[in-house]
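Novice: sequence and predicted structure are below.
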Amino acid sequence: MHGYGGKNLAESFRTVRANTLKIAEEIPEDKYSFKPAPDARSVGQLLTHIALLHRIPKQVHQIEKRKTLEGFSFPGMMQALGAEEQQPRTKAQIIDLLTKDGDAWAAYLEGLSDDFLAEEVRTPPGMQPAARTRFEMLLSPKEHEMHHRGQLMLIQRMLGLTPHLTRQMQERMAAAQATRA
């Protein structure tokens, strides 16, 4: 295909999920109800959203193996996922959901063939582009998670926490300065 296959998708997804899990672990449970704005998701809801977001591509590519998105009920899936996001969960339950669903999704990605990833899936009439490869579509859950992880890192700052990726960069910079000195 293009040198980046299912194993690579799985590896990059696992890296992203590990960073999300680190954030989930570092935010205290009593802050899981924190909302950065009245209409925003709480920390717990946002982490649950991240844990569930791959279920749409799972339905499309793994369960139904659709060749077209015409007739697929995105609003129905989003409504069902939104309702599931609202269910109260403890920090431990959310971390478990992130871990187990993430492991299952990565295992699925890892087993995908280049031929499957190269298949095109048509979009509904009038939508552009008219078709996308499964590969392109299966990158979306990771990209979506990274988007929300950026929000979580900002929330960590609002809560007075320094995100682990920032701490790691600061440590590398300090080590580099010490080496130069």
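Specialist: Structure received.
Novice: end to end on stretch 68-78, go ahead and measure it.
Specialist: Terminal residues of stretch 68-78 are spaced 18 Å apart (Cα to Cα, to the nearest Å).
Novice: next one: that stretch to chain centre, how far?
Specialist: 20 Å (Cα atoms, centre = their mean, to the nearest Å).
Novice: what is the mean pLDDT for that stretch?
Specialist: What stretch 68-78 shows for mean pLDDT is 93.
Novice: would you map the helices across the protein?
Specialist: Applying DSSP state H to the chain gives helices spanning 6-26, 43-52, 55-57, 74-86, 91-110, 114-118, 134-158, 164-180.
Novice: what angle do the second one and helix 134-158 make?
Specialist: When you say that, I think you mean helix 43-52. Interaxial angle, helix 43-52 versus helix 134-158 (axes from the mean of the first three to the mean of the last three Cα atoms, to 10 degrees): 160 degrees.
Novice: for helix 43-52, packing partners?
Specialist: helix 6-26, helix 74-86, helix 91-110, helix 134-158 (3 or more Cβ pairs under 8 Å, 6 or more residues apart in numbering; DSSP states H and E). Any C-beta I mention is one placed from the backbone N, CA and C, and that applies to glycine too.
Novice: now do the fourth one
Specialist: Of the remaining helices and strands, those touching helix 74-86 by 3+ Cβ pairs under 8 Å, 6+ apart are helix 43-52, helix 55-57.
Novice: of these, flag the one that's most buried.
Specialist: helix 43-52 (a mean of 24; mean count of other Cβ atoms under 10 Å).
Novice: for that one, give me every contacting residue.
Specialist: With contact meaning Cβ atoms under 8 Å, 6 or more residues apart in numbering, helix 43-52 is reached by 20, 24, 27, 31-35, 40-41, 81, 84-87, 89, 91, 94, 97-98, 101-102, 144-145, 148-149, 151-152, 155.
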